[in-house]
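1. Dropping a prediction and its sequence here:
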Amino acid sequence: MGTPPVNPRKKVTIGTLRSLHRRGEPITMITAHDFPSAHVADAAGMDMILVGDSLAMVALGMEDTSEVMVEEMLLHCRSVARATKAAFTVGDLPMGSYEIAPQQALETAIRFIKEGRVQSIKLEGGKEMAPTIERITSAGIPVLGHVGLNPQRQNALGGFRVQGKTSQGAMKVLEDALAVQEAGAFAVVLEAVPAGVAAIVTQKLSIPTIGIGAGNGCSGQVLVQVDMTGNFPPGRFLPKFVKRYGDVWAESSKAIETYRDEVKSREYPAPEHTYPIAPQELEAFADSVENL
Ligand SMILES: Nc1nc(=O)c2c([nH]1)NC[C@@H]1CN(c3ccc(C(=O)N[C@@H](CCC(=O)O)C(=O)O)cc3)CN21
Ligand SMILES: CC(C)C(=O)C(=O)O
Ligand SMILES: [Mg+2]
């Protein structure tokens, strides 16, 4: 039996998120893709942890998110769920697993809950996804919407482009967000939309908006964990909205280089890293080896 944690954080539920929103307190969300990245985010007090399909790129080295499969997402969701004690967990439905019909989407969402052990799911899309969101929420699975830039549609969008840059485009973002809300989503991610547009959309909605590249007028924020901790190689492109709060890559790199140098110089392992044996036992062993 270990000692109980000091001041254990209460489990964040859909009710907690609603009361944060009611009080006007920003909702904090970050991505995680495995046990340690979820553990550190949970212990640091994040309200929500998203197992984003961005893990395709940042954890699996794929070119874009369209390659990742449901089974791969579920493996990562389970590892995140095991480490998450307090935060509200969200699994990101990957491209191809929900667009065909509401029935397909509900089947995938159920797998995320039963096999992925997450508490809710996220899917990309606006108006056109409303019947799908309705179907999933009516089965008792909370849905996080995602409008503005939908990275899973990058081939149709011509890349990762800011959305809602014209008054017409901004109106589409608002209409999409309203449709997602009407369909029953508990919150909606606004990705890569001008700050002024996101602020107006947030005011027009009754559910919280979680911004990424959408400015400070949203009800909450989300970032990809490896981006904000600086856990990526030097020179990699970073979207404009990312603020790097740390330099984890440099820390890891320094540690591994020092380890390499110390193994080469036989500085590591030092006596304190080794197991002792009584001198007479070692002597006896050496004698028996000699007499073999
Ligand atoms: N590591 C990582 N971080 C992310 O935030 C992220 C992913 N991966 N993968 C999935 C999507 C893709 N995202 C992205 C990727 C690039 C831009 C980008 O290049 N934005 C341009 C704006 C281009 C324009 O002006 O239209 C920028 O300069 O920031 C935006 C969002 C966000 N998501
Ligand atoms: C960027 C966030 C919102 C996301 O969808 C992801 O990490 O996949
Ligand atoms: Mg995603």
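-> Sure thing, it's come through. Ligands and ions are numbered 1, 2, ... in the order given.
2. Lowest-scoring secondary structure element of this structure by mean pLDDT?
-> helix 154-157 (a mean of 94; mean pLDDT, DSSP states H and E).
3. what about the following helix or strand past it, average pLDDT?
-> Scanning forward in sequence from helix 154-157 by DSSP states H and E, the next helix or strand is helix 167-182. Averaged over helix 167-182, pLDDT sits at 98.
4. Report whether H146 is found in a strand, as I expect.
-> Yes: under DSSP: H, G, I helix; E, B strand; the rest coil, H146 sits within a strand.
5. if you skip the residues just before and after it, what's nearest to the most centrally placed residue in the chain?
-> Centroid-nearest residue in the chain, with Cα atoms, centre = their mean: T31, separated by 1.7 Å. What sits nearest to T31 in space, not counting adjacent residues and going by Cβ to Cβ, 6 or more residues apart in numbering, is G52, at 4.2 Å. The C-beta positions use only the backbone N, C-alpha and C, and glycine is treated the same way.
6. Count the neighbours of that neighbour for me.
-> 28 (other Cβ atoms under 10 Å).
7. Now do the contacts for the residue in the chain positioned nearest to ligand 2.
-> For the chain and ligand 2, the shortest gap (Cβ to the nearest ligand atom) falls at G52, measuring 2.2 Å. By Cβ atoms under 8 Å, 6 or more residues apart in numbering, the contact list for G52 reads 31, 33, 92, 224.
8. Hmm, the first one is touching M57, no?
-> No: T31 is not in contact with M57 according to Cβ atoms under 8 Å; the separation is 11.0 Å.
9. which element follows whichever helix or strand R111 is part of toward the C-terminus?
-> Using DSSP H and E, the element containing R111 is helix 102-114. Once the chain leaves helix 102-114, the next helix or strand it forms, by DSSP H and E, is strand 120-122.
10. Name the residues of the helix or strand that V201 is a member of that are buried.
-> Secondary structure assignment for V201, by DSSP H and E: helix 195-204. The neighbour-count check on helix 195-204 (16 or more other Cβ atoms under 10 Å) flags 197-202 as buried.
11. Name the next helix or strand downstream of that helix, please.
-> Next element after helix 195-204 (DSSP H and E): strand 209-212.
12. Pull out the buried residues from the least confident helix or strand of the chain.
-> Those would be Q154, for helix 154-157 by 16+ other Cβ under 10 Å.
13. Packing partners of it?
-> Contacts defined by 3 or more Cβ pairs under 8 Å, 6 or more residues apart in numbering; DSSP states H and E place helix 154-157 against no helix or strand at all.
14. and it with ligand 3, contact?
-> No: contact of helix 154-157 with ligand 3 (Cβ under 5 Å from the ion) is absent, the minimum separation being 11.3 Å.
15. what separates that helix from the chain centre, distance-wise?
-> Taking Cα atoms, centre = their mean, to the nearest Å, one finds helix 154-157 lying 22 Å from the centre of the chain it belongs to.
16. Let's have the contacts of G52 in JSON lines, adding secondary structure and distance to ligand 3.
-> Conversion of those to JSON lines gives the following (DSSP: H, G, I helix; E, B strand; the rest coil; distance: Cβ to the ion, whole Å):
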{"residue": "T31", "secondary structure": "strand", "distance to ligand 3": "8"}
{"residue": "H33", "secondary structure": "coil", "distance to ligand 3": "11"}
{"residue": "D92", "secondary structure": "strand", "distance to ligand 3": "4"}
{"residue": "V224", "secondary structure": "coil", "distance to ligand 3": "9"}
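17. Pick out the most distant pair among the residues you listed.
-> D92 and V224 (11.3 Å; Cβ to Cβ).
18. Need the residues touching each of those two.
-> Shared contacts of D92 and V224, counting by Cβ under 8 Å, 6+ apart, come down to 52, 54.
19. how near is V193 to E67?
-> 26 Å (Cβ to Cβ, to the nearest Å).
20. Quick check: residues of this structure near ligand 1?
-> Counting by Cβ under 6 Å from any ligand atom, the chain comes close to ligand 1 at 54, 57-58, 65, 149, 151, 160-162, 192, 224, 227, 239-240.
21. repeat that for 5 Å
-> Applying Cβ under 5 Å from any ligand atom, we find that the chain lies next to ligand 1 at 54, 57-58, 151, 160-162, 224, 227, 239-240.
22. Flag every residue of this structure that's near ligand 2.
-> So the chain meets ligand 2 at 31, 52-54, 92, 189 (Cβ under 5 Å from any ligand atom).
23. Cool, thanks, signing off.
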